[in-house]
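Peer 1: What follows is a predicted structure for the sequence shown.
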Protein chains: 2
Amino acid sequence: MLQLDLRSRQPIYEQLIEKIKELIITEVWRTDDQLPSVRALAQQLTINPNTIQKAYRELEREGFIYTVKGRGNFVAPIDITMHREKLAKIQEEIARLLAEAMYLGMTKEKLMHLVHQAAEQTGGEQQND
Amino acid sequence: MLQLDLRSRQPIYEQLIEKIKELIITEVWRTDDQLPSVRALAQQLTINPNTIQKAYRELEREGFIYTVKGRGNFVAPIDITMHREKLAKIQEEIARLLAEAMYLGMTKEKLMHLVHQAAEQTGGEQQND
DNA sequence: CATATTGTACTATATGAATTAATACACTTA
DNA sequence: TAAGTGTATTAATTCATATAGTACAATATG
């Protein structure tokens, strides 16, 4: 769990953010589940605690987790209203990648299939809280 | 044309790559059209020629443009076979963003609509050379 | 209360990427 | 020959990333 590539050009804290988001989105980690402590995860991954904290801070800023001093970090309940700007950015990025994919020969049907897969992966139903 | 944000955390050369890709994908710039020269574009955007060259080199590596020494850079004809690995990476990234978008409340229907829009934007028809 | 565990803050340092600057060279065109 | 192209190289600067070390505050547990 949480496999990182320390030699990647992509910063470690960004890899962490992506992996943890994925665990939350796919509901492997559920609302109010406790995340590994900053120090424990740092030791396990043999990286600096500051790097873990940087990832956790960003995840909290984006609303994926919440923090209680002295207790730890926990998976946050989904708050859709919080993510309006974030959603707009994601939509732009998706649009850009879709256009590039089609330019490079990917079919509309294949892209539709990706949407179906994503829908299944996230449970399908809309979570309104 | 080619608006950049010099204060962005995103490197200038990456912004350039994205903008130029967009112009090519949307067919504003067409096959064999000549791109601005390294020096001219550098002067116009008031950035260093090396930065332009870095962007052009990457665009050539990805097969979007081709270079002729002494003449200039030109929009490349599409070579689908060249982009197999690239397509796989784009597909992964799209899948990741689709999952995150749905987790944050975007509907399957809205994502389908994005695919339709992308199809129209790129001309719709499949270009097989 | 004492202790361990949690998150947080801060300073200092090292490394690498991004960017600029300046120069030089090779090829093409007129 | 001259001007315009891409290319290569070196040096210097700036900034983000990451580590190391230390300290402090809040919480839980005995």
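Peer 2: Received the coordinates, thanks.

Peer 1: how deep is the spatially closest residue to residue A:29 that is not a sequence neighbour tucked in, by neighbour count?
Peer 2: Counting by CB to CB, 6 or more residues apart in numbering or on different chains, residue A:23 is the residue found nearest to residue A:29 once chain neighbours are left out, at 4.6 Å. Just so you know, the C-beta spots here come from the backbone N, C-alpha and C atoms, and that holds for glycine as well. Neighbourhood size, residue A:23 [other CB atoms under 10 Å in any protein chain shown]: 18.

Peer 1: Could I get the average pLDDT for the helix or strand hosting residue A:23?
Peer 2: Applying DSSP states H and E as the criterion places residue A:23 in helix A:12-25. Averaging pLDDT along helix A:12-25 yields 97.

Peer 1: In it, which residues are buried?
Peer 2: A:12-13, A:15-17, A:20-25 (16 or more other CB atoms under 10 Å in any protein chain shown).

Peer 1: Closest one of these to chain B?
Peer 2: Closest approach to chain B among the buried residues of helix A:12-25 (CB to the nearest CB): residue A:25, at 4.3 Å.

Peer 1: What residues does the closest residue to that closest one other than its chain neighbours make contact with?
Peer 2: Closest residue in space to residue A:25, ignoring its immediate chain neighbours: residue B:103 at 4.3 Å, by CB to CB, 6+ apart. Contact analysis of residue B:103 by CB atoms under 8 Å, 6 or more residues apart in numbering or on different chains lists A:24-25, A:78, A:122, A:127.

Peer 1: which residue is nearest the centroid of chain A?
Peer 2: Closest to where the C-alpha atoms of chain A average out (CA atoms, centre = their mean) is residue A:21, at 2.0 Å.

Peer 1: and whichever residue of chain A sits closest to DNA strand D, what does it touch?
Peer 2: Nearest residue of chain A to DNA strand D, counting by CB to the nearest atom of the strand: residue A:70, 2.3 Å away. By CB under 8 Å, 6+ apart, residue A:70 lies in contact with nothing.

Peer 1: gap between it and chain B?
Peer 2: Separation of residue A:70 from chain B (CB to the nearest CB, to the nearest Å): 29 Å.

Peer 1: same question, residue A:80
Peer 2: 4 Å.

Peer 1: What does the nearest residue to that residue once chain neighbours are set aside show for phi and psi?
Peer 2: Closest residue in space to residue A:80, ignoring its immediate chain neighbours: residue B:105 at 4.1 Å, by CB to CB, 6+ apart. Main-chain dihedrals, residue B:105, degrees, to the nearest 10: phi 110, psi 0.

Peer 1: The residue of chain A most remote from its centre and residue B:23: what is the separation?
Peer 2: Note on chain A: the largest separation between a C-alpha and the mean C-alpha position, by CA atoms, centre = their mean, falls on residue A:105 (28.2 Å). According to CB to CB, to the nearest Å, residue A:105 and residue B:23 sit 19 Å apart.

Peer 1: ok, now residue A:27?
Peer 2: Look at residue A:27 and residue B:23: by CB to CB, they are 40 Å apart.

Peer 1: what do you get for residue A:94?
Peer 2: 19 Å.

Peer 1: ditto for residue A:32
Peer 2: For residue A:32, the distance to residue B:23 equals 47 Å [CB to CB].

Peer 1: same question, residue A:113
Peer 2: 29 Å.

Peer 1: And for residue A:58?
Peer 2: 32 Å.

Peer 1: How about residue A:109?
Peer 2: Shown here: residue A:109 relative to residue B:23, a distance of 27 Å by CB to CB.

Peer 1: now do residue A:22
Peer 2: Distance, residue A:22 to residue B:23, using CB to CB: 33 Å.
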